[in-house]
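**Q** Structure of the sequence below:
(one chain, ligands or ions: 3)
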Amino acid sequence: MLVLGIESSCDETGAAIVKDGRYLLSNVVASQIEIHNRYGGVVPEVASRQQLATIIPVVETALEQGGCTWADIDAVAATYGPGLAGSLLVGLTVGKTLALACNLPFLGVNHLEAHIYANWLRKDVAPQKVEDWRYQEGDPVFPLLCLVVSGAHSELVLVPEHGHYELLGRTRDDAAGEAFDKVARILGLGYPGGPAIQQAAQDAEAELQQQGKPLKLARNAYRLPRAWLRGTYDFSFSGLKTAMLHLAEGAVESQHRKQVSQYTRMGELAAQHGLPNVSLLAASFQEAAVDVLAVKTRLAAQEYQVKQVVLAGGVAANASLRARLEQELSPLHIRLNYPPIEFCTDNAAMIAGAAFFHLCRDERHGLDLDVQPGLSLPFVKREKSYA
Ligand code: ATP
Ligand code: MG
Ligand code: FE
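**A** Numbering: from 1, shown residues only. Ligands and ions are numbered 1, 2, ... in the order given. Predicted structure coming up:
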């Protein structure tokens, strides 16, 4: 089954053709990073205008690169939420219109579910026919635990089978990606913040390594708070963000006097090693964020005895998070999967991929489907033990 997927929930315009939920024929993404970088973040009105300007060429390119004509396509899918209303409206309207014009089934896709299904995408050549839509050799194995860490969401989700989601924990304030973006802004590293922080942290580590010093020195240069919220699988990143703000401004409150000496010492340490404070700050922040994400994910994976952990969303692209989780899970013989980097951040391949698994269950949407900017995963309560 060939699905044309369309993604327009935020500042990326994407169209892709995916066979049987896994095999890529084409994946086109037009990013607005350059434009929003000027404002230090996404400007909704600008984003939707850009969506409108790029969507048709992007869809045409996806067909062309996939070597397809409309006659080859079996269904059209588009994101209907969550995201920015104006941006969502563009992709959803184009998707519904194309389905109507080409007389094809239409399916609206939940963007968060699509982030999870990015784990099913692969780059190998498609077999003639997929015998069982539910499982192909190499697919993630249920029951699985998914750490969704994107620009607007941070959730630990138990997935016992296709389309079944149980919420174990979520952020109480900022999302992980949002924290990376805000901290990057505080440090003057630009937008989007995730890749910039990762790069700055890598620079700090490379520098220390060259001097024959341990990486730990960079990662623990600043003592930063970690919100463990014990007894829950919830996250909180606002304290960490505030600590970064105080550090960056050098405005440390007097009740943190004990830490002041620590910061000063580290400031000196940075100067000693010829490192800009910013790289050390970035490395310490990344370590603090990754620490909590990885440990809580490992604890949940143990409690629910899952066969597999998968990462989803833009922050899943983070090399430090990937490596740290591997370290946490491999002694427990729990497999870890994460999508290739280009499928972690917003793309339409994951939309077409997720749609396939719904279409196989005979699900369709009417053309009256509207955008749902605040959409969440369709969570259900726990019914039984999957151990
Ligand atoms: P949502 O999916 O929750 O609606 P979104 O679509 O805006 O939000 P994504 O596209 O999934 O979010 O991810 C973007 C986020 O991922 C940004 O916050 C960005 O900083 C972060 N990110 C991207 N690459 C990295 C990286 N290497 N390390 C850390 N964060 C990263
Ligand atoms: Mg984006
Ligand atoms: Fe996203």
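**Q** Which residue does the stretch 151-300 of the chain have closest to ligand 2?
**A** As assessed by CB to the ion, ligand 2 sits closest to residue 151 within the stretch 151-300 of the chain, at 6.1 Å. Heads up, the C-betas are built off the backbone N, CA and C, glycines and all.
**Q** no wait, the stretch 251-387 of the chain
**A** Nearest residue of the stretch 251-387 of the chain to ligand 2, counting by CB to the ion: residue 346, 4.8 Å away.
**Q** List the residues that contact residue 155.
**A** 112, 147-148, 167-171, 377 (CB atoms under 8 Å, 6 or more residues apart in numbering).
**Q** Helix or strand: which one has it?
**A** According to DSSP states H and E, residue 155 maps onto strand 154-159.
**Q** How about residue 109?
**A** Element membership for residue 109 (DSSP H and E) is strand 106-110.
**Q** Could you identify the helix or strand that succeeds that strand?
**A** Strand 106-110 is succeeded, C-terminally, by helix 111-117 (DSSP H and E).
**Q** And residue 167, how far from residue 312?
**A** Distance, residue 167 to residue 312, by CB to CB, to the nearest Å: 14 Å.
**Q** between those two, which one's more packed in?
**A** Using other CB atoms under 10 Å, the more surrounded residue of residue 167 and residue 312 is residue 312, with 28 against 16.
**Q** So what pairs up with the more buried one in the strands?
**A** Under the criterion DSSP bridges, residue 312 forms beta bridges with residue 148.
**Q** quick one: contacts for it?
**A** Applying CB under 8 Å, 6+ apart to residue 312 gives the contacts 112, 115-116, 118-119, 146-150, 339, 344.
**Q** Just the buried residues of those residues.
**A** Neighbour-count burial (16 or more other CB atoms under 10 Å) applied to the contacts of residue 312 gives 112, 115-116, 118-119, 146-150, 339, 344.
**Q** Which single one of those residues is nearest to residue 242?
**A** Of all the buried ones among the contacts of residue 312, residue 242 sits closest to residue 149, with 19.9 Å by CB to CB.
**Q** how far away is the closest one from residue 88?
**A** Distance from residue 149 to residue 88, counting by CB to CB: 21 Å.
**Q** same deal with residue 178?
**A** Here the criterion is CB to CB. By it, residue 178 lies 19 Å from residue 88.
**Q** And for residue 101?
**A** Distance of residue 101 to residue 88, given as CB to CB: 20 Å.
**Q** do the same with residue 112
**A** On the measure of CB to CB, residue 112 and residue 88 end up 13 Å apart.
**Q** Poorly predicted segments of the stretch 251-387 of the chain, please.
**A** Per-residue confidence of the stretch 251-387 of the chain (counting by pLDDT under 70) places the weak regions at 251-276, 383-387.
**Q** Do you have the strands of it handy? List them.
**A** Using DSSP state E, counting those that start in this stretch, the strands found in the stretch 251-387 of the chain span residues 308-312, 335-337.
**Q** residues in the stretch 1-150 of the chain within reach of ligand 2, list them.
**A** 10-12 (CB under 5 Å from the ion).
**Q** Just give the closest residue to the most centrally placed residue in the chain, not the sequence neighbours.
**A** The residue lying closest to the centre of the chain (CA atoms, centre = their mean) is residue 313, at 1.2 Å. Excluding the flanking residues, the one nearest residue 313 by CB to CB, 6 or more residues apart in numbering is residue 150, at 3.0 Å.
**Q** residue contacts, that neighbour?
**A** Contacts of residue 150 by CB under 8 Å, 6+ apart are 112, 115, 175-177, 312-315.
**Q** Please report how far it lies from residue 300.
**A** Using CB to CB, residue 150 is found at 18 Å from residue 300.
**Q** Could you chop this structure up by domain?
**A** 1-123+340-387, 139-338 (automatic domain parsing).
**Q** Nearest to ligand 1, out of the ones you listed?
**A** Evaluated over these, closeness to ligand 1 peaks at domain 139-338, with 1.9 Å, by CB to the nearest ligand atom.
**Q** Off-centre distance for that closest one?
**A** Distance of domain 139-338 from the chain centroid (CA atoms, centre = their mean, to the nearest Å) equals 13 Å.
**Q** ok, then the element right after the helix or strand harbouring residue 58?
**A** According to DSSP H and E, residue 58 maps onto helix 44-65. Sequence order places strand 75-81 as the next helix or strand after helix 44-65, per DSSP H and E.
**Q** Parallel or antiparallel, list what pairs with that following strand.
**A** Assessed with DSSP bridges, strand 75-81 is paired to strand 2-7 (parallel), strand 106-110 (parallel).
**Q** out of those, deepest packed?
**A** With neighbours defined as mean count of other CB atoms under 10 Å, those peak in mean count at strand 2-7, which reaches a mean of 28.
**Q** what angle do that strand and helix 44-65 make?
**A** 160 degrees (axes from the mean of the first three to the mean of the last three CA atoms, to 10 degrees).
**Q** just to revisit the earlier point, please see if the helix holding residue 58 touches ligand 1.
**A** No. For helix 44-65, no contact with ligand 1 is found by CB under 6 Å from any ligand atom; the gap never falls below 10.5 Å.
**Q** can you tell me the average pLDDT over that helix?
**A** Across helix 44-65, the average pLDDT comes to 94.
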